[in-house]
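Participant: fold the following and give me the result.
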Amino acid sequence: MGDRWHVEVDRSVCIGSGMCVSHAKDAFHLDSARQSHPTEEDWDAGEQVLAAAEGCPVEAITLTLAGTGEVVFPPEE
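Facilitator: The predicted model follows:
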């Protein structure tokens with residue numbers, strides 16, 4: 001079994017661009033206020049979910065390793 005990522009969206013930062021949905025339509029949806037929500041809290045680590053986080057123009061998506069909380073994205077500076 002591979003890594004699992006815990007997915008969070010900071011809706012105070014989200015601007016509703018929909019880039020997350022275009023990269024990973026199974027993992028994210030926009031509500032009626034165009035705020036992003038993950039469809040599940042934890043996802044198998046994968047390119048589509050990472051691309052959604054990386055493609056967010058305001059870095060509203062945080063990925064951490066499920067279980068340990070180690071940050072996957074955004075990279076710590």
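Participant: make it CA atoms for all contacts and neighbour counts henceforth
Facilitator: OK.
Participant: what's the local residue count around Cys77?
Facilitator: Not Cys; residue 77 is Glu. 3 (other C-alpha atoms under 10 Å).
Participant: nope, Glu54 is what I meant
Facilitator: Neighbour count for Glu54, taken as other C-alpha under 10 Å: 19.
Participant: can you check Asp26 too?
Facilitator: For Asp26, using other C-alpha under 10 Å, the count is 14.
Participant: does it touch Glu40 like I think?
Facilitator: No - using C-alpha atoms under 8 Å, Asp26 is not in contact with Glu40, being 9.2 Å away.
Participant: and Gly55, how far from Ala33?
Facilitator: Here the criterion is C-alpha to C-alpha, to the nearest Å. By it, Gly55 lies 20 Å from Ala33.
Participant: ignore the last one, Glu77
Facilitator: When Glu77 is compared with Ala33 (using C-alpha to C-alpha), they lie 32 Å apart.
Participant: could you do Glu54 as well?
Facilitator: From Glu54 to Ala33 the distance is 22 Å (C-alpha to C-alpha).
Participant: Ala60 now?
Facilitator: 16 Å.
Participant: could you pull out the helices for the protein?
Facilitator: Under the criterion DSSP state H, helices of the chain are mapped to 19-23, 47-55.
Participant: center of the protein - which residue?
Facilitator: The structure's the chain has its C-alpha centroid closest to Ile61; by C-alpha atoms, centre = their mean the separation is 4.2 Å.
Participant: do I have it right that that residue meets Trp5?
Facilitator: No - the pair Ile61 / Trp5 is not scored as a contact, 11.7 Å apart, by C-alpha under 8 Å.
Participant: check which residues of stretch 28-40 are buried.
Facilitator: Judged by neighbour count (16 or more other C-alpha atoms under 10 Å), stretch 28-40 contains these buried residues: 28-30, 35-38.
Participant: strands - which of the residues you listed land there?
Facilitator: 28-30, 36-38 (DSSP state E).
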